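[1] Mind folding the following:
(one chain, ligands or ions: 1)
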Amino acid sequence: MELFDSKYFFYSDNKLYCEEIPVDDILAQTGTPAYIYSKKFFVDTFKELDSSLQNIKHTVFYAVKSNFNLSVIKTFSDLGSGVDVNSEGELYRVMKLGINPKKIILSGVGKTANEIKLALETNLLMIKAESEEELVLINEVAKDMNVIAPVAIRVNPDVDAKTHPYISTGLAENKFGIDVSAAFKFYLQKEKFGNIEFTGIDMHIGSQITTVEPFVSAVEKMAEVFLKLKSAGLTLKHFDLGGGIGVVYHHEKTFSVKEYADALIPILKKLDCEIFIEPGRFMTANGGILAAQVQYSKKNHDKNFIIVDAGMNDLIRPSIYAAYHHIQPLEINPGRKEIIADVVGPVCESGDFLGKARNISELKRGDYLVVMSAGSYGMTMASNYNARRRPPEILVDGNNFQIVRSRETFEHILYDENF
Ligand SMILES: Cc1ncc(COP(=O)(O)O)c(C=O)c1O
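    The predicted structure follows:
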């Protein structure tokens, strides 16, 4: 059985720790399932990325969709990060934290008129537009409000990010962005978009990208558009690289942020503008785990199953993308034999699994296990399927921990229903 560990989650005396706290001490208080995050991971990761870009004028906009817990967002904003929000709901969350509107950018392929209005009322830094109709709507809403909307067009560079098709976003066949030639045309239609100021250009070619080449190809294409616009008289203030930096979930060979910066900075320097970056997964994935308790183990037709109290409603990535998350016991028990088992949840779907055919030590009812790399797109994608309560979130900071979101109650779930 392979054990994943790091500076932030590691075994000592056969027990898993998060920073300076044995995870079972936390679970004794919170129960399972529970998301546990390391604050130090978030801080170190932000600093690593930010400093790799130090030779270029830049701002990091943390993509809150990856983990929108208020304490997690605050950890990044306290370090100087801006935020990238994808909806009214995410905007509401960051406004609750009192984040400076000039540190907020709004993304989203299907923004409603209300979302656009709210963004303009909030006076945030920029709205990204992903279609001609959206540009027309932004212009109309801004005109009605008698304001000028700061806009960047999300350009679809038609580059293959070589990632899972569901998280690939920069190909011509994907729903995202505007193609290069149309974008170029819209940027220069001053009369049509009189209540828009085009402040930047944006791309986001996908998520969990594990090589720098797709970024380089896309940035080269986008830089060409940027410079052509400059020659045509439109000087944009910023160039947004989007998110997408891949992380290690299993044995992926990824690139370092230094390699990323070294490959892109020479192209970006020629643009002489501010660079934006919108990382989500890179900032949070390996800063979190999902802990669960074994309910039952069984063997059916020679196949082993470990049934735990966390399911697809808590962490849906394995079910929808066949995503790999490493699974290991909370406590190492060297006397236990190793088996190959599917680790599954209690939800009534065969797609409700956390891992298939995993090499793991035999676990008994009441034992705990942890699903690693669960800090991104975990809790934010959790649901109430089977009327299950969403789990609590715990933030560890050195030898302290705080329950930064408590387990949902059944009253929470019923709160907006009438009969
Ligand atoms: C527009 C945009 N920016 C940033 C991100 C963050 O991507 P990642 O978590 O891969 O860094 C996403 C993710 O879907 C996105 O859609």
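[2] Smallest distance to the ligand belongs to which residue of the stretch 101-250 of the chain?
    Here the stretch 101-250 of the chain gets closest to the ligand at one residue, G243, 2.6 Å apart by C-beta to the nearest ligand atom. Glycine gets a C-beta too; all of them are placed from N, C-alpha and C.
[3] Could you pull out the strands in the stretch 51-200 of the chain for me?
    58-63, 82-85, 104-106, 126-129, 149-156, 178-179, 196-202 (DSSP state E, counting those that start in this stretch).
[4] partner strands of the fourth one, parallel or antiparallel?
    In this case it means strand 126-129. Neighbouring strands of strand 126-129 in its sheet, by DSSP bridges, are strand 104-106 (parallel), strand 149-156 (parallel).
[5] Make JSON lines from these and add mean neighbour count and distance to the ligand to it.
    Below are the strands paired with strand 126-129 laid out as JSON lines (neighbours: other C-beta atoms under 10 Å; distance: least, C-beta to the nearest ligand atom, whole Å):
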{"stretch": "strand 104-106", "mean neighbour count": "26", "distance to the ligand": "9"}
{"stretch": "strand 149-156", "mean neighbour count": "25", "distance to the ligand": "7"}
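[6] With mean pLDDT and distance to Y368 added, can I get those in CSV?
    Below are the strands paired with strand 126-129 laid out as CSV (pLDDT from 0 to 100; distance: least, C-beta to C-beta, whole Å):
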stretch, mean pLDDT, distance to Y368
strand 104-106, 98, 39
strand 149-156, 96, 43
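[7] which one of these lies closest to A291?
    strand 104-106 (32.5 Å; C-beta to C-beta).
[8] What residues does the residue of the stretch 101-250 of the chain closest to the ligand make contact with?
    Counting by C-beta atoms under 8 Å, 6 or more residues apart in numbering, G243 touches A63, D84, H204, S207, I277, E278, P279, G280, R281, F282.
[9] hmm, back to that, tell me which of the strands of the stretch 51-200 of the chain sits nearest to L363.
    Of all the strands of the stretch 51-200 of the chain, strand 58-63 sits nearest to L363, with 34.9 Å by C-beta to C-beta.
[10] Quick check: buried residues in the closest one?
    Buried positions in strand 58-63, judged by neighbour count with 16 or more other C-beta atoms under 10 Å: H58, T59, V60, F61, Y62, A63.
[11] Any residue of that strand touching the ligand?
    Yes. Strand 58-63 lies within reach of the ligand by C-beta under 6 Å from any ligand atom, at A63.
[12] ok so, going back, between the buried residues of strand 58-63, which sits nearest I116?
    For the buried residues of strand 58-63, the closest approach to I116 (C-beta to C-beta) belongs to F61, at 18.5 Å.
[13] Just the contacts of G243: which are in helices?
    Of the positions in the contacts of G243, R281, F282 sit in helices, assigned by DSSP state H.
[14] What strand or helix carries E48?
    Here E48 is covered by helix 39-52, with elements defined by DSSP states H and E.
[15] is that helix up against the ligand anywhere?
    No. Using C-beta under 6 Å from any ligand atom, helix 39-52 stays clear of the ligand, coming no nearer than 10.5 Å.
[16] From the rest of the structure, what touches that helix?
    Residues from elsewhere that reach helix 39-52 (C-beta under 8 Å, 6+ apart): 6-8, 19, 58, 60, 62, 72, 75-76, 79-81, 245, 257-258, 260-261, 277, 279, 282-284, 286-287, 375, 395-398.
[17] interface residues of the stretch 251-400 of the chain facing the ligand?
    E278, P279, G280, R281, F282.
[18] ok now do the third one, which residues does it touch?
    When you say that, I think you mean G280. Neighbouring residues of G280 by C-beta under 8 Å, 6+ apart: Y62, A63, V64, K65, S66, N67, D84, S207, G243, S376, Y377.
[19] ok so, going back, only the buried subset of the contacts of helix 39-52, as a PyMOL command please.
    In PyMOL syntax, the buried subset of those is picked out as below (16+ other C-beta under 10 Å):
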select buried, resi 8+19+58+60+62+72+75+76+81+245+257+260+261+277+279+282+283+284+286+287+375+395+396+397
